[in-house]
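>>> Fold the stuff below for me.
(2 chains)
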Amino acid sequence: MIEGNSINDDLANSEDQEIVSLCLKGEKEAYSFIVKKYMKRAYFNALSIVKNHDDALDISQEAFIQAYRAIAKFDMRRKFYTWYYQILRNLCINHLRRKSKFIDIGKFASENSDEYCDSIELIGSDADPSVLAEQNEMTQKLWKAISLLKSSEREILLLKEIENCSYKEISERLEIPIGTVMSRLFTARKHLKEIFGKLI
Amino acid sequence: MMAMLDGEISSGDKREFQQYLSTYPECQKEWNEYQKLKEFTMQVKFKDPPEEIWDRYWLNVYNRIERGIGWIFISIGAMIVLFYSGFKAIESLIVDPTIVGAVKIGIIVLLIGTVIVLVSVIREKFFTRKYDKYKEILR
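Below is the predicted model:
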């Protein structure tokens, strides 16, 4: 299974490298393959950090634009998405900083958490409706708790739980050692447990 | 504990961890809580936004890339025109016999000062900030 995944990864990488080579030759249209391939993942990654649909959409697009402009600097030995993610993450952090200069962060966190709760759903809907309603209520509370985490904690937690990234992938994306991934995940889950415990 | 929770643990470490949990019931309780939390978190996912957003997505990126290139050309063109007309204006000031020498010197010094400040700002923006170790720190 792991071997199969790594073969798929290699294929995806070589495909991305080919597209990047075409972009370097000035074929702007080729870039659409990369954008269409990663747009959803990029949007959800941005959403998990900035917690707002419009901002996540705008920032993920801006990151694709900046990646295109800097494509000559892309190291072909790296995975495209890992490289793109650094740009996306920096833009999200800058956005949050700019926002925090103008508004009260505490107020922003609680106001935005309601909108953020609307952006999630339960996997599978064939359960008993009453169970589902109860689950939905709990899910909303869990999501509220997630939205109240620090952006760095929320980011690493959602990379693991929603995107199902391995420790190695998280360590590459965030440019931190695997030991730090584990300790940050522990801190994030500990805070989530505390906040969730207060909400239920 | 996190490696065990996320299934990223070797079989040897897994056995050791299970043995540890059976020895310490407090840790077993904490482990159960984390396991429940993980199960619960894994049941949710982000809602997919309406399909038309994805249909327009690439077009938006493409248009913004193209507009960006347009703005670069507009800026370069505007700079060339501005510099040339500025140069011509100064040239005509210098050769104009009706303007007194002191005013001419004043204008030249003013321009030199402006250029120095401008170059300094540009250098700070593009070079100094690039190597600033503390740029990530909020002041």
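>>> Now do the strands in chain B.
With DSSP state E applied, chain B shows strands at B:44-46, listed in chain order.
>>> which residues of it fall in helices?
Applying DSSP state H to chain B gives helices spanning B:2-5, B:11-23, B:25-42, B:51-95, B:101-123.
>>> Output the ones you listed as TSV; include the columns mean neighbour count, mean pLDDT and distance to chain A.
Where C-beta positions appear, they are placed from N, C-alpha and C, glycine not excepted. Putting these into TSV (neighbours: other Cβ atoms under 10 Å in any protein chain shown; pLDDT from 0 to 100; distance: least, Cβ to the nearest Cβ, whole Å) gives the following:
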stretch	mean neighbour count	mean pLDDT	distance to chain A
helix B:2-5	18	87	5
helix B:11-23	12	88	12
helix B:25-42	14	88	4
helix B:51-95	12	89	5
helix B:101-123	11	88	19
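>>> Dump the ones you listed into a markdown table; add distance to A:Met76 as well.
A markdown table is the format used below for the helices of chain B (distance: least, Cβ to Cβ, whole Å):
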| stretch | distance to A:Met76 |
| --- | --- |
| helix B:2-5 | 32 |
| helix B:11-23 | 36 |
| helix B:25-42 | 35 |
| helix B:51-95 | 21 |
| helix B:101-123 | 32 |
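>>> center of chain A - which residue?
Nearest to the mean C-alpha position of chain A, counting by Cα atoms, centre = their mean, stands A:Asn45 at 1.8 Å.
>>> From B:Phe46, how far out is that residue?
A:Asn45 sits 10 Å away from B:Phe46, going by Cβ to Cβ, to the nearest Å.
>>> Next: B:Ile72.
According to Cβ to Cβ, B:Ile72 and B:Phe46 sit 35 Å apart.
>>> Just the local confidence number for A:Ile176, please.
Here, the pLDDT recorded for A:Ile176 equals 92.
>>> Pop out the phi and psi values for it.
Phi and psi for A:Ile176, reported as degrees, to the nearest 10, are phi -130, psi 150.
>>> Can you tell me how far it is from A:Ser151?
Using Cβ to Cβ, A:Ile176 is found at 15 Å from A:Ser151.
>>> List the buried residues for the helix or strand hosting A:Thr180?
Assessed by DSSP states H and E, A:Thr180 sits inside helix A:178-199. Residues of helix A:178-199 classed as buried: A:181-182, A:184-185, A:187-189, A:191-193, A:195-196 (neighbour count, 16 or more other Cβ atoms under 10 Å in any protein chain shown).
>>> tell me, which of those residues make contact with chain B?
Contacts with chain B within the buried residues of helix A:178-199, counted by Cβ under 8 Å from any Cβ of the partner chain: A:182, A:185, A:189, A:192-193, A:196.
>>> Could you provide these in CSV, with additional columns for distance to B:Glu30?
Shown next, in CSV, are those (distance: Cβ to Cβ, whole Å):
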residue, distance to B:Glu30
A:Met182, 16
A:Leu185, 15
A:Arg189, 11
A:Leu192, 14
A:Lys193, 9
A:Phe196, 15
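>>> Mind putting those into a markdown table with pLDDT and distance to B:Gly7?
Converted to a markdown table, those look like this (pLDDT from 0 to 100; distance: Cβ to Cβ, whole Å):
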| residue | pLDDT | distance to B:Gly7 |
| --- | --- | --- |
| A:Met182 | 92 | 13 |
| A:Leu185 | 93 | 13 |
| A:Arg189 | 93 | 15 |
| A:Leu192 | 93 | 19 |
| A:Lys193 | 91 | 19 |
| A:Phe196 | 89 | 22 |
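>>> out of those, who's nearest B:Ser85?
Closest approach to B:Ser85 among those (Cβ to Cβ): A:Leu185, at 60.2 Å.
>>> Once you drop chain neighbours, what's closest to the closest one?
If the residues on either side of it in the chain are set aside, A:Leu185 comes closest to B:Met2, at 4.9 Å by Cβ to Cβ, 6 or more residues apart in numbering or on different chains.
>>> so what's the one you found up against?
With contact taken as Cβ atoms under 8 Å, 6 or more residues apart in numbering or on different chains, B:Met2 is in contact with A:182-183, A:185-186, A:189.
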